[in-house]
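1. need a structure here:
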Amino acid sequence: MHTNVNDATTLDRLAIHTITTKPWTLPVALENYAAAGVGGISIWVEAIEGMSNAEVNQAVQAAGLKVPALVRGGFFCDSEASERARRIDHNRKLIETAAEISADMLVLVVGATPGEPLDRQRGWVQDGIEQLMPDAESHNVQIAIEPLHPMYAADKSCINRLADARMMCESIRNRMLGVALDVYHTWWDPDLEREIELLGKLDAIFGFHLCDWRVPTRDFLNDRALMGDGCIDIKGIRKMVEAAGFSGWNEVEIFSDEHWARDQHDFLADIIDRYSIC
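-> Next up, the predicted model:
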């Protein structure tokens, strides 16, 4: 169950994550994205702190934007069972929030705990996701596992390859569960094309995130580059996901101290310009 997005104009399939223009509040981001003709906004939970879900939904509807995703849920991994249960309950609330702000999906960064075997942690993740699936179904909110680059395996995500996410989807087998593919985290994978094909056969590509990998990278968290300023074959990967049947949003997600320090209007203009080469 994917959201099919109209291709009538160049920007109809473009969505931008609120974290990309982090200095802007949600109302300011909505106003400026809409004015620029951007079709969608993926909302980070940090951007809606202090706002009710009804206020967020009203603001989104007034701006005329769609919400591909609420970002981020997950973080299932902890050595204490009681803490893992608490985190599952927190994700249930995030699914409710996603539904109430008209978001298509909740994106999961699954988490990791240093010192615990990764296989054990993946078991915790699968258990957590399985417990969430009835909530996802009842609220009609998709759940998207986002594999993170292996550099984050110690403390942010024990799912680091598309294959890991795909196998979990195959194991759980629920139409509401799929994958968010971020080029920053997956471009390096020698099995990328094959895994995209397999995910396509499962109808499990729910999200597609854009940015670039700067060379040399100055910071592994907050130095993502604008599309075209790095080494990722973004156009090639986009062709792969579309050949696999993906017809949803192209979501720009850039963490960058450099770009956050800029005039955000200029940054937004550059995002739209660079999107044309993707």
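2. how about the helices of the stretch 101-250 of the chain, start to end?
-> Taking DSSP state H, counting those that start in this stretch to define them, one finds helices in the stretch 101-250 of the chain at 118-139, 162-172, 183-186, 192-201, 234-243.
3. got the angle for the longest one vs helix 162-172?
-> Angle of helix 118-139 versus helix 162-172, following axes from the mean of the first three to the mean of the last three Cα atoms, to 10 degrees, is 60 degrees.
4. output helix 118-139 as PDB - backbone C-alpha positions only.
-> Output in PDB follows, covering the C-alpha atoms of helix 118-139 (Å, rounded to 0.1, in the frame of the first residue of the first chain):
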ATOM      1  CA  LEU A 118      23.800  -7.700  17.200                       C
ATOM      2  CA  ASP A 119      21.800 -10.900  16.500                       C
ATOM      3  CA  ARG A 120      20.200 -10.700  19.900                       C
ATOM      4  CA  GLN A 121      19.300  -7.100  19.300                       C
ATOM      5  CA  ARG A 122      17.700  -7.900  16.000                       C
ATOM      6  CA  GLY A 123      15.500 -10.300  17.900                       C
ATOM      7  CA  TRP A 124      14.400  -7.500  20.100                       C
ATOM      8  CA  VAL A 125      13.700  -5.300  17.100                       C
ATOM      9  CA  GLN A 126      11.600  -8.000  15.400                       C
ATOM     10  CA  ASP A 127       9.700  -8.600  18.600                       C
ATOM     11  CA  GLY A 128       9.000  -4.900  19.000                       C
ATOM     12  CA  ILE A 129       7.800  -4.500  15.400                       C
ATOM     13  CA  GLU A 130       5.600  -7.500  15.600                       C
ATOM     14  CA  GLN A 131       3.900  -6.000  18.600                       C
ATOM     15  CA  LEU A 132       3.300  -2.800  16.700                       C
ATOM     16  CA  MET A 133       1.700  -4.300  13.600                       C
ATOM     17  CA  PRO A 134      -1.800  -4.400  15.000                       C
ATOM     18  CA  ASP A 135      -1.600  -0.700  15.900                       C
ATOM     19  CA  ALA A 136      -0.300   0.100  12.400                       C
ATOM     20  CA  GLU A 137      -3.100  -1.800  10.800                       C
ATOM     21  CA  SER A 138      -5.800  -0.300  13.000                       C
ATOM     22  CA  HIS A 139      -4.500   3.300  12.300                       C
END
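5. circling back to that earlier point, could you single out the most deeply buried of the helices of the stretch 101-250 of the chain?
-> The highest mean neighbour count among these, using mean count of other Cβ atoms under 10 Å, belongs to helix 183-186: a mean of 23. Where you see a C-beta, it was placed from the backbone N, CA and C, and this is true even at glycine.
6. quick one: list the elements packing against that one.
-> Judged by 3 or more Cβ pairs under 8 Å, 6 or more residues apart in numbering; DSSP states H and E, the packing partners of helix 183-186 are strand 205-210, strand 212-213, helix 234-243.
7. my read: residue 249 touches residue 208, true?
-> Yes. The pair residue 249 / residue 208 is scored as a contact, 7.1 Å apart, by Cβ atoms under 8 Å.
8. between these two, which has more neighbouring residues?
-> Using other Cβ atoms under 10 Å as the criterion, residue 249 and residue 208 rank with residue 249 on top: 28 against 23.
9. quick one, what contacts the more buried one?
-> By Cβ atoms under 8 Å, 6 or more residues apart in numbering, the residues touching residue 249 are 3, 5, 13, 14, 15, 39, 40, 42, 66, 68, 207, 208.
10. wait, the fifth one touches residue 60, no?
-> Think residue 15. No. The criterion here is Cβ under 8 Å, and residue 15 misses it with residue 60 at 11.9 Å.
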